[in-house]
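Undergrad: following is a predicted model, sequence given first.
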Amino acid sequence: MADEPAALKEQIVNLDDIVDRFAEAIYDRNERKDLEKSLGCRLPWGELRREIDTRELQVVTAVPNYEPEAANRAGGDGEGDDDKLLASEAVTVVAQGRALRPSTSSCCAFRTVYTNECPHEIVNHINTSRTTRSSCCYRITRGLVLNQEFGLKLALPQDILELNAGFSAEFSLEKESEKSVESEVTWAINTEIRVPGSRDGRPSRVEAEVVIEEDEFKARFTAVTYLSGRIKVRLYTKDNRYLLPIVIPNLRQVFQRNLGFRHPEGSSKVAFVTAGTFHTRFGVSQRVRIVPAADS
């Protein structure tokens, strides 16, 4: 396995290019001579129109395995789970990742000071709303492109879904290697603020603020993408005359290990480790904080 990559490097692999090169080799070796003889003309590969038929190709990406960014930087041996995943022929569908722990921050959505110069208590009401923005972003650093599309559907981390952050359970990336979705969340506040009466002729002052706490998650992920089935390459002349199909039933001949693919034991499937980064931020709670004003 000397030709195996030593680490999970950034790599976007175009399946169409690999299939085209493989089909060209088959054509030149097995088909071209007889075809040119029967038609009485030269038919070099570069002058043919090729149509890659992937209707019988199945591409399935397993549930991603998420690892917190800090965990990927930790450790001194330089070998992470990504490298172990690449080094194994028995490709694991999904490993058990570490729990994603958020970094929590607070932002003040509303602050005001209430002053009471009367000797008796006064009750004020806060009835307002504030809007925060939630975001979720994926970036693919290692993946497969087929027909100029990634065609990925990635399940969000269970840690995020359990928080009911408002995101759908799956995230789709079609033509782009990076995609973000944003949504607005409105927080409604309706509460009483009681301000004590003045004392010794001095007014009472109370400060009230509405604080929204936000969680932020950053992680790397790996997900095994499986390819099975077969591929056909249909050949046409320049004037759109159909010539023949080149059928590729054995995907392992095409998608080889030195190109970054895996050949799991006991299966005819081909596997590829898709990888990238995940970042999300969203509000999780709100609280009303009431304290005596600093100058009261």
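TA: Looks like it arrived, so ask away. Numbering: from 1, shown residues only.

Undergrad: and the nearest residue to Arg32 once chain neighbours are set aside, its phi and psi?
TA: Closest residue in space to Arg32, ignoring its immediate chain neighbours: Leu43 at 6.4 Å, by CB to CB, 6 or more residues apart in numbering. Placement of C-beta: from N, CA and C, glycine included. Leu43 adopts backbone torsions of phi -140, psi 70, taken as degrees, to the nearest 10.

Undergrad: how many residues are close by Leu43?
TA: 17 (other CB atoms under 10 Å).

Undergrad: what does the one 4 residues further on give?
TA: Here the neighbour count serves as a burial measure; for Glu47 (other CB under 10 Å) it reads 9.

Undergrad: so it sits against Lys238, correct?
TA: Yes: counting by CB atoms under 8 Å, Glu47 does reach Lys238; the two are 6.2 Å apart.

Undergrad: circling back to that earlier point, residues contacting the residue nearest to Arg32?
TA: Arg32, Leu35, Glu36, Thr237, Leu243 (CB atoms under 8 Å, 6 or more residues apart in numbering).

Undergrad: am I right that the fourth one is in contact with Leu244?
TA: If I follow you right, that is Thr237. No: applying CB under 8 Å, one finds Thr237 not in contact with Leu244, separated by 11.1 Å.

Undergrad: contacting residues around stretch 163-182?
TA: By CB under 8 Å, 6+ apart, stretch 163-182 touches 12, 133-141, 143, 148-156, 160-161, 183, 185, 215, 280, 282, 284.

Undergrad: distance between it and the chain's centre?
TA: With CA atoms, centre = their mean, to the nearest Å as the basis, stretch 163-182 stands 7 Å off its chain's centre.

Undergrad: cool, and stretch 42-50?
TA: 39 Å.

Undergrad: and it, end to end?
TA: Stretch 42-50 has an end-to-end distance of 16 Å (CA to CA, to the nearest Å).

Undergrad: so which bits of it are buried?
TA: Under the neighbour-count criterion of 16 or more other CB atoms under 10 Å, stretch 42-50 has Leu43, Leu48, Arg50 buried.

Undergrad: what is the mean pLDDT for that stretch?
TA: Stretch 42-50 shows a mean pLDDT of 94.

Undergrad: same check on stretch 179-189?
TA: pLDDT averaged over stretch 179-189 gives 87.

Undergrad: list the buried residues for that stretch?
TA: Neighbour count says stretch 179-189 has Lys179, Trp187, Ile189 buried, by 16+ other CB under 10 Å.

Undergrad: which of the residues you listed fall within strands?
TA: Among the buried residues of stretch 179-189, the members falling in strands (DSSP state E) are Lys179, Trp187, Ile189.

Undergrad: show me the helices in the stretch 51-200 of the chain, by range?
TA: Counting by DSSP state H, counting those that start in this stretch, one finds helices in the stretch 51-200 of the chain at the ranges 69-73, 81-87, 158-162.

Undergrad: ranking those by mean pLDDT, which is last?
TA: helix 81-87 (a mean of 49).

Undergrad: so Asp28 sits against Gly46, correct?
TA: No: the criterion here is CB under 8 Å, and Asp28 misses it with Gly46 at 11.2 Å.

Undergrad: picking up where we left off before, could you dump the buried residues of stretch 42-50 into JSON lines and include distance to Val123?
TA: Shown next, in JSON lines, are those (distance: CB to CB, whole Å):
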{"residue": "Leu43", "distance to Val123": "90"}
{"residue": "Leu48", "distance to Val123": "84"}
{"residue": "Arg50", "distance to Val123": "78"}
